[in-house]
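*Asks:* Provide a 3D model corresponding to the input given below.
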Amino acid sequence: MGKIQLQIENLEKASSKLRAMAHPMRIAIIDMLNSGNRMSVTEIYKKLKIEQAAASHHLNILKNKGVLVSQREGKKIFYSLKSDVLTEILDCINRCNEEK
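*Replies:* Below is the predicted model of the structure:
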């Protein structure tokens, strides 16, 4: 019974991360941080052409679900992907959306 419970917990964690990622703006953020890129909140909201508050909201959701990590340097906070595995998910999505 212990092993089944562990698998359910892992599936619930994965599902929670996928739900956090399942927003067009969050997918765009993850895509920008792909390949080890690190960006500040300012860089992110300017590149996406959204309000700073909206960018911070999306970044906090992704960080709280363990998708992103942040590092403060002075007054700036820089975000990066916690794992490269997430970019593989995006690559898969992009391949699924390619027209044949």
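
*Asks:* Going by C-alpha atoms from here, please, whenever you check contacts or count neighbours.
*Replies:* Will do.

*Asks:* those helices in this protein, which residues are they?
*Replies:* 2-21, 24-32, 41-48, 52-64, 85-97 (DSSP state H).

*Asks:* for the first one, which positions count as buried?
*Replies:* It stands for helix 2-21. K17, L18, A20, M21 (16 or more other CA atoms under 10 Å).

*Asks:* The third one too?
*Replies:* Neighbour counts using 16+ other CA under 10 Å place V41, T42, I44, Y45 of helix 41-48 among the buried residues.

*Asks:* name the helices or strands packed onto it?
*Replies:* Counting contacts by 3 or more CA pairs under 8 Å, 6 or more residues apart in numbering; DSSP states H and E, helix 41-48 packs against helix 52-64, strand 76-81.

*Asks:* Wait, V67 touches K82, no?
*Replies:* Yes. Using CA atoms under 8 Å, V67 makes contact with K82 at a distance of 5.6 Å.

*Asks:* Have a look at the two and say which one is more surrounded.
*Replies:* Under the criterion of other CA atoms under 10 Å, the comparison of V67 against K82 puts V67 first, with 21 against 15.
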